[in-house]
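Participant: have a look; sequence and predicted model below, questions after that.
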Amino acid sequence: MQMPGEGPLFAVEGVSVRFGGVRALEDVSLEVAPHEVHGVIGPNGAGKTTLFNVVCGFVSPGEGELRLRGKTIDALRPHQLAGHGIARTLQGLGLFEKMTVLDNVMVGADRLARAGFVRGLLGLGHRDDARLAAKAREVLGELGIESYAARYPGSLPYPIRKKVALARALVAEPELLLLDEPASGLSAEEMSELGEIIAGLTERTAVMLVEHHMDLVMSVCHRITVLDFGRVIAAGTPDEIRNDPAVLAAYLGDQVEHDDNAEVHPLVSTNATADGEDA
Ligand SMILES: Nc1ncnc2c1ncn2[C@@H]1O[C@H](COP(=O)(O)OP(=O)(O)OP(=O)(O)O)[C@@H](O)[C@H]1O
């Protein structure tokens, strides 16, 4: 595993994406250090989802490149993420409704064992179900949901389903975990628990967090990259971002456009940000 001080684990370098005439991303660069929680924020339409999709391999950048441990990743495809030690959760959780929670998580481990990157499972044949199940149970236990192992996702409350999706990503022991709006649909209490979970992940993985909820971003991220109209307008620690005039201007502009009556500071209250909708 890469250690701190060895340079970025992951880098986006000069990425531009156009959809027809729309410039969704323009010369975007960012670096995620090992064991860092790196937030990506920005007003509506800033390009966050497009950037997440580039990093997941769903969208090919027209220009620029992605680098993992210093090496360029060419033409990243979604199914190759696992082999690179990258796992993700999406807004639509993508759980298999006819499989138990345990089986859903085992699918994550099994898929990644085949890709040859599950560090704790290296050397396993993918038929070694007992060890996969033990590993899956261990991660469910860490997230406090082992008691749901035999249940089916459809019968569970949404916050539990979200944890199942997170367990499925974590079971692979990724070096980089990509989270797309993990707080959407959660109550304040659940969000604060999520914050604790994310903060606790850094011993084992770096996290790139795309998120609307400012309280969560400010409390868990070591560094934040701010997009506006597809460009990086600021990057730094939460304190630097909170006080950055360009960031304030971008959020205030967005807030005025979307809510003429809003009087709340856009970078300190979740009320001032739009909620992402889960599929
Ligand atoms: N498939 C697409 N085709 C055309 N334009 C697109 C497409 N996807 C995104 N865009 C445009 O690219 C820009 C960036 O969109 P994106 O969804 O990445 O922003 P975002 O920051 O995730 O927004 P939000 O916070 O509202 O989800 C917007 O102008 C959007 O309309």
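Facilitator: Looks like it arrived, so ask away. Numbering: from 1, shown residues only.
Participant: who's in contact with the residue positioned nearest the centre of the chain?
Facilitator: For the chain, Leu179 is the residue whose C-alpha lies nearest the centre (Cα atoms, centre = their mean; 1.5 Å). For Leu179, the contact set (Cβ atoms under 8 Å, 6 or more residues apart in numbering) comprises 88-89, 198, 207-211. Bear in mind the C-beta positions are built from the backbone N, C-alpha and C, glycine included.
Participant: quick one: pLDDT of the residue of the stretch 51-200 of the chain found nearest the ligand?
Facilitator: For the stretch 51-200 of the chain, the residue closest to the ligand is Leu51, as judged by Cβ to the nearest ligand atom, at 6.8 Å. Leu51 carries a pLDDT value of 96.
Participant: got a list of what it touches?
Facilitator: 12, 15, 25, 28, 40, 210, 227.
Participant: same deal with Pro78?
Facilitator: 56-58.
Participant: now for Ala169: which residues touch it?
Facilitator: Contacts of Ala169 by Cβ under 8 Å, 6+ apart are 87-89, 108, 177.
Participant: recalculate using a threshold of 6 Å.
Facilitator: Contacts for Ala169 (Cβ atoms under 6 Å, 6 or more residues apart in numbering) come out as 87, 89, 177.
Participant: so, low pLDDT: which residues of the stretch 151-279 of the chain?
Facilitator: Where the stretch 151-279 of the chain drops to pLDDT under 70, the residues are 253-279.
Participant: could I get the full set of strands for it?
Facilitator: 176-180, 206-210, 223-228, 231-236 (DSSP state E, counting those that start in this stretch).
Participant: what does the second one rub up against?
Facilitator: Applying Cβ under 6 Å, 6+ apart, the external contacts of strand 206-210 come out as 9, 32, 34-40, 48, 52, 176-180, 201.
Participant: on that earlier part again, for the residue of the stretch 51-200 of the chain closest to the ligand, helix, strand, or coil?
Facilitator: On the three-state scheme (DSSP: H, G, I helix; E, B strand; the rest coil), Leu51 is labelled helix.
Participant: coming back round to it: so can I have a markdown table of the strands of the stretch 151-279 of the chain showing distance to the ligand?
Facilitator: Listed next are the strands of the stretch 151-279 of the chain as a markdown table, based on distance: least, Cβ to the nearest ligand atom, whole Å:
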| stretch | distance to the ligand |
| --- | --- |
| strand 176-180 | 9 |
| strand 206-210 | 7 |
| strand 223-228 | 6 |
| strand 231-236 | 11 |
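Participant: let's have those strands in a markdown table, adding distance to Arg168.
Facilitator: Formatted as a markdown table, these follow (distance: least, Cβ to Cβ, whole Å):
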| stretch | distance to Arg168 |
| --- | --- |
| strand 176-180 | 11 |
| strand 206-210 | 16 |
| strand 223-228 | 26 |
| strand 231-236 | 30 |
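Participant: how about those strands, which one is nearest Tyr251?
Facilitator: When the strands of the stretch 151-279 of the chain are compared by Cβ to Cβ, strand 223-228 sits nearest Tyr251, at 8.7 Å.
Participant: list the helices and strands that closest one packs on?
Facilitator: Packing partners of strand 223-228 (3 or more Cβ pairs under 6 Å, 6 or more residues apart in numbering; DSSP states H and E): strand 37-41, strand 231-236.
Participant: which elements pack onto the shortest one?
Facilitator: Helices and strands touching strand 37-41, as assessed by 3+ Cβ pairs under 6 Å, 6+ apart, comprise strand 206-210, helix 214-220, strand 223-228.
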